[in-house]
Structure formats: C-alpha cells, structure tokens
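Engineer: Sharing a sequence plus its predicted fold:
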Amino acid sequence: MTTVPLPKSKSQSPVRPGMAGGDLAAPVVALKELVAQLNHEQNNTQDLLGSLGFALRSFHNLNQFLELIPRVASRVTKADGGALMVLQPDGELRLERFHFNDDRPNYKQRSAPLKQALEVATEKFSHQDDEQALSRPGWATQLDNWVTHAFGPGVKLFGTSILQRTLERGRLYIFSYSPTYEWTESRQKLVRFVADQTAVALEQDELAGELRQKQRLDRELEIGAEIQRQLLPRTCPKVEGLTLAARCETANRVGGDYYDFIPTRNDVRLSQRKAQASDPWGIAIGDVMGKGVPAGLIMTMLRGMLRAEVLNGHPPARILQHLNRVMYSDLENSNRFVTLFYSVYDPRTRILQYSNAAHNPPLLWRFATKSLHRLDSLGMLVGLEHNSHYEGGQVKLEPGDVVVFYTDGFTDAATIDGDRFDEDNLIRTIQWACQRYDDPQRILDTLFDRVQQFIAPKKRNDDDMTLVVLKANLPR
C-alpha cells in the first residue's frame, strides 16, 4: 500500500530557528527596560515636585524657595536650565534666578555669558524709552523676543507667565540647546505647574509682609493707646464740696476725646506740694475732629499746652484765647480743629467759672427746681481763626446740683438704621438719673448704659464717648 504524504498547510509551516529563543526575547527585555526607565523618570519627577510642594508648605524664606524654581523646572523637563524673572514692587523687572545644569556639555563656556546676556536684556527691557512698557498688555510677548535674542540661535525655549490672580508678576523660561529636544505638552504642563507654585510663594511672601507690618502697627497703636490712657486722669481728685466721676471710651484704640482735672495754683503745679481739697481745680473736656492716631496726637498736644497755659493763672476765657493762638499754627494745615470746654471750680466760693470753644455745652441740673440749664459762652473752635475771641461765664453751684460734661459721641451715637441718640434723649436720661441717684458714678454708668442699649447691646459706638459728672454734695 502506497502512502501519499498530505500537503502542509500554511498554519503548520515550520518554525524558523532562533525565533522563539532569541528574536522574541530581545524586544521583551527592551520593553521592560523602557517601562522601568519611564517608572523611574515618573518617580523622579514626582519626588522633585513633591519636594517643591513641601518647600512651599514649610515656606519661610522666599529667596531660598525661588532658588529651587528654575532648577526643579529644568530637571523635571530634562532641559538644560531655566531663568526666573520677577516684577519687583517698584515696577522693575529683574532676573531673579538663573540655573544651568552643570552636567550639560559646554556648561562652563555657556553659563556665565548666558546669565550676563539675560541680565542685560532684562535691564534694558525694564528701562527702555517707553516707561509704561511693563504696564501694557502684551509686554510678556515683547520680553520673549528680548530673551530669545539673548539665548542666541539653536535654543529650544519655553516661557510661561507667573500669574498672581490676574496680575502678571513675571516669567519662567526653561531652555535646551539639544537639537533633538522637543517641548511636548506634558513638559509644558510641568513648567506651568512650577510657575503656579512660584506665584503662590510670591503671594504668601507679600501676605506675610503685610501681616508683619500690621503686627508692627498693632504694637505701635497699643503703645500709643497705653500712653494716652496714662495721660488721662487715673482717678478723680478730691475737691471740697464735690464728688466727681469720669470715663472715656474710644471708638478705636487711640481716640481724640480729652478730659482733665488740673490743679490751678502755681505752688501746686511747680512744687512737690499735693493739691488740697480746698484748692481750685480746672475741669476740661474736649474733642479733636476726627478719630484714630492723628486725633490722638493732637489731643496729646492739646493736653500739654492747656496745662502750660493754666500756670499763668488767667481766667478760662483768657486761657482759651492764648491756647488758640498757640495751637493755630500747628492746626491750620492739618484740617483738624478742637472743641474745648474749660472751667475752674473754687470750693471756697462754690463758683464754677467757664469758657467754651464751640464744645457741647455741659448740662446743669438744679436740685432745687429739678430743671436743666446749658452752660455756654461764645467762642470759636480752637485752631479755626488766629484771633478768635472767647467769652466767659460763671455759675454758683448749690448743694445737690449736678453738672454733666460730655462729648458729641453721646448725641451722635446711632443705631444700624441711622437713628441718633440726640440731645433730647440725653436730657431725659440725665433728668431721670439725677432724680434717682445721689452718686455721680451711678449717673455716669446710667448714661453709658442707655446709649449702649440704644445703639445695640453688643454694637461698638463709631465715635469716642467721654463723660465727666460733677455733683455738689448735699449737707450731711
């Protein structure tokens, strides 16, 4: 029997020698090496960006952080180096940082001249004839042309903006001189990410600077407030036949309200002798137009000048006239003026002499008649006119009488809706309190409480509030 061999099908074609053993193994090994290399590069990129993120989170020194920017950006993109240009607060553009990887060919020959060329380009661009170049839209495109020229031919350059909110704070350039280098989309994204981190660091540094400045101002304001508190009387003096109470609440830490008790006898002011209860006392209350530190400085000046004028022993009207002339030259250019009520009480005669420089007239509550009267006299604001004339007045205090000195922070105190406490409410509150309380401190506390309830229990008044309450003692 003859056997005929079957024809071989295409699927059964013989395996060529070496295909399974050698030719398949080489591509697999190469693929594994490529995957391992990509994983290594990815891990390296993540480590570099992670280090940059850690540096930003633990941010303390802007210069040290900016040192990392071109270095990290060039490493993660496998470029030759980078240049960071930052717009300074004075409007000048400066080459902030430059980096050239020292493992690149011709590093020493290229690095220094390239940095110098970039510095020259940046300086010339900042100081070109058009001084408004950096404030115009599109200045970054112009800068790119200058920088490209500085890098010279053959450079593969990519630049991106450092945007702080909508403000362009600078440019980050990454470069390579390799002819095979390409700026892929992934590399561009990495550079933009580093630029965004740079913008965050710049903003953090500005915020930290503003915080430090605010803290310094807060410390200075606290010192100013403490000095001002020390200038106001710590306690009310003991005056024969009188009981006194006083309080000043400032809208800000430093205020423009002023009150004072001044011994008027020269042998008390110029010697170590303590004032006696039977000595005459000056009682002053004033208000500097405005609030805050400027008003506080003028208030301090007013206190010193008034106390110096009292040494002359003149009556209140003459003292205000002299004070106005002295302060006029200091106040005329400041657009700030002072209202001031100055009075002198003599325990021996029970007479209160006074003069008013456009201040809110104190209110006198007569115990005998249960009626209120204003203590007022003609006079202009201190510092308004050089030759202002001030008139004087006087009143004799009878036992039980109460005088309330106040500043306009009480009458101008307003609710959220804009309703003012006004003088009518103040008069009604004074009458109510004087008929019920013998102690001036209780009267004073009542007035403060009523104003606070009027504007809102937890709302702070927008203006300084000062009260001095004087009561002529009833016979025991």
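Structural biologist: Thanks, I have it. Numbering: from 1, shown residues only.

Engineer: Low-confidence stretches in this structure?
Structural biologist: 1-59, 129-137, 266-273 (pLDDT under 70).

Engineer: Residue nearest the middle of it, spatially speaking?
Structural biologist: Lys214 (4.6 Å; Cα atoms, centre = their mean).

Engineer: helix or strand for it, which one?
Structural biologist: helix 185-231 (DSSP states H and E).

Engineer: What is that helix packed up against?
Structural biologist: Helix 185-231 is packed against helix 25-57, helix 62-76, strand 156-164, strand 167-176, helix 292-310, with contacts defined by 3 or more Cβ pairs under 8 Å, 6 or more residues apart in numbering; DSSP states H and E. (Glycine included, C-beta is placed from N, CA and C.)

Engineer: Measure how that helix sits relative to helix 62-76, angle-wise.
Structural biologist: Using axes from the mean of the first three to the mean of the last three Cα atoms, to 10 degrees, the inter-axis angle of helix 185-231 relative to helix 62-76 is 170 degrees.

Engineer: Next SSE downstream of helix 185-231?
Structural biologist: Assigned by DSSP H and E, the successor of helix 185-231 is strand 242-249.

Engineer: what comes into contact with that next one?
Structural biologist: With contacts defined as Cβ atoms under 8 Å, 6 or more residues apart in numbering, strand 242-249 is touched by 232-233, 236-237, 255, 257-259, 261, 345, 347, 409, 439-441, 443-444, 448, 461, 464-473.

Engineer: Quick check: Val155 touching Phe175?
Structural biologist: Yes - applying Cβ atoms under 8 Å as the test, Val155 and Phe175 come out as touching, 5.3 Å apart.

Engineer: more crowded one of these two?
Structural biologist: Residue environment comparison for Val155 versus Phe175 gives the larger neighbour count to Phe175, 23 against 17, counting by other Cβ atoms under 10 Å.

Engineer: residues contacting that one?
Structural biologist: 79-83, 151, 155-158.

Engineer: measure it to Glu168 for me?
Structural biologist: Phe175 sits 20 Å away from Glu168, taking Cβ to Cβ, to the nearest Å as the criterion.

Engineer: Sticking with Asp449, tell me its helix or strand.
Structural biologist: helix 440-455.

Engineer: other SSEs contacting the helix or strand following that helix?
Structural biologist: Proceeding N to C from helix 440-455, the next assigned helix or strand is strand 465-472, under DSSP H and E. When contacts are defined as 3+ Cβ pairs under 8 Å, 6+ apart, strand 465-472 packs onto strand 242-249, strand 257-263, strand 281-288, strand 402-406, helix 408-411, helix 440-455.

Engineer: Spell out which strands sit alongside the first one in the sheet and which way each one runs.
Structural biologist: Right, the one you point to is strand 242-249. strand 465-472 (antiparallel) (DSSP bridges).

Engineer: buried set for the partner strand?
Structural biologist: For strand 465-472, burial by neighbour count (16 or more other Cβ atoms under 10 Å) applies to 465-472.

Engineer: do the same with stretch 69-81
Structural biologist: Under 16+ other Cβ under 10 Å, the buried positions of stretch 69-81 are 69-77, 79-81.

Engineer: next one: stretch 115-124
Structural biologist: 115, 118, 121-122.

Engineer: rewinding a little: list the buried ones in the helix holding Asp449?
Structural biologist: Here helix 440-455 shows 440-441, 443-447, 450-452, 454-455 as buried, counting by 16+ other Cβ under 10 Å.

Engineer: go on, stretch 312-321?
Structural biologist: Quick answer for stretch 312-321 (16+ other Cβ under 10 Å): 316-317, 319-321.

Engineer: outside of it, which residues touch it?
Structural biologist: 264, 266, 306, 309-310, 322, 340, 342-344, 353-355, 357, 377, 379, 382, 388-392.

Engineer: one more time with 6 Å
Structural biologist: Outside stretch 312-321, the residues that touch it by Cβ atoms under 6 Å, 6 or more residues apart in numbering are 309, 342, 344, 353-355, 357, 390-392.

Engineer: Mind telling me the two of those residues farthest from one another?
Structural biologist: Of all pairs drawn from the contacts of stretch 312-321, the greatest distance, 17.2 Å, lies between Glu309 and Glu391 (Cβ to Cβ).

Engineer: These two: who's more crowded?
Structural biologist: Glu309 (20 against 13).

Engineer: out of everything not next to it in sequence, what's closest to the more buried one?
Structural biologist: Ile319 (4.8 Å; Cβ to Cβ, 6 or more residues apart in numbering).

Engineer: host element of the one you found?
Structural biologist: helix 316-331.

Engineer: Phe98 too?
Structural biologist: With DSSP H and E as the criterion, Phe98 is inside strand 93-100.

Engineer: What is that strand packed up against?
Structural biologist: helix 62-76, strand 81-87, helix 107-126 (3 or more Cβ pairs under 6 Å, 6 or more residues apart in numbering; DSSP states H and E).

Engineer: Make TSV from those and add distance to Arg94 to it.
Structural biologist: Output for those, formatted as TSV (distance: least, Cβ to Cβ, whole Å):
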stretch	distance to Arg94
helix 62-76	11
strand 81-87	6
helix 107-126	6
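
Engineer: So which of those is nearest Val403?
Structural biologist: Smallest distance to Val403 across the helices and strands packed on strand 93-100 (Cβ to Cβ): 60.7 Å, for helix 62-76.

Engineer: tell me what the closest one is packed against?
Structural biologist: helix 25-57, strand 81-87, strand 93-100, helix 185-231.

Engineer: Give me the angle between that helix and strand 167-176.
Structural biologist: 40 degrees.

Engineer: Distance from helix 62-76 to the middle of the chain?
Structural biologist: Centroid separation between helix 62-76 and its chain, computed with Cα atoms, centre = their mean, to the nearest Å, is 31 Å.

Engineer: Begin at 57 from now on, thanks
Structural biologist: New numbering, starting at 57: the last item is helix 118-132.

Engineer: ok, Gly360 - how many residues close by?
Structural biologist: 10.

Engineer: same check, this time on Glu241
Structural biologist: 7.

Engineer: Return the distance of it relative to Thr133.
Structural biologist: From Glu241 to Thr133 the distance is 12 Å (Cβ to Cβ).

Engineer: again, but for Asp146
Structural biologist: Distance, Asp146 to Thr133, by Cβ to Cβ: 32 Å.

Engineer: go on, Leu387?
Structural biologist: With Cβ to Cβ as the criterion, Leu387 and Thr133 are 65 Å apart.

Engineer: Same check on Ala373?
Structural biologist: Separation of Ala373 from Thr133 (Cβ to Cβ): 83 Å.

Engineer: for Leu358, same thing?
Structural biologist: 67 Å.

Engineer: excluding its backbone neighbours, what's nearest Glu148?
Structural biologist: Closest to Glu148 by Cβ to Cβ, 6+ apart is Ser182, at 5.0 Å.

Engineer: now do Leu434
Structural biologist: Glu447 (4.6 Å).

Engineer: my read: the one you found touches Ser433, true?
Structural biologist: Yes - look at Glu447 against Ser433 with Cβ atoms under 6 Å: they come within range, at 4.4 Å.

Engineer: Now stretch 485-497 - C-alpha only, CSV.
Structural biologist: What follows is stretch 485-497 as a C-alpha-only set of coordinates in CSV (Å, rounded to 0.1, in the frame of the first residue of the first chain):
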residue,chain,number,x,y,z
THR,A,485,-31.8,110.4,80.7
ILE,A,486,-29.9,113.0,82.8
GLN,A,487,-33.1,114.2,84.4
TRP,A,488,-34.2,110.6,85.2
ALA,A,489,-30.8,109.6,86.6
CYS,A,490,-30.3,112.8,88.7
GLN,A,491,-33.7,112.4,90.4
ARG,A,492,-32.9,108.8,91.4
TYR,A,493,-29.2,108.6,92.2
ASP,A,494,-27.1,110.7,94.6
ASP,A,495,-23.8,109.1,93.4
PRO,A,496,-22.2,110.7,90.2
GLN,A,497,-20.8,107.3,89.3
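
Engineer: This completes my enquiry, with thanks.
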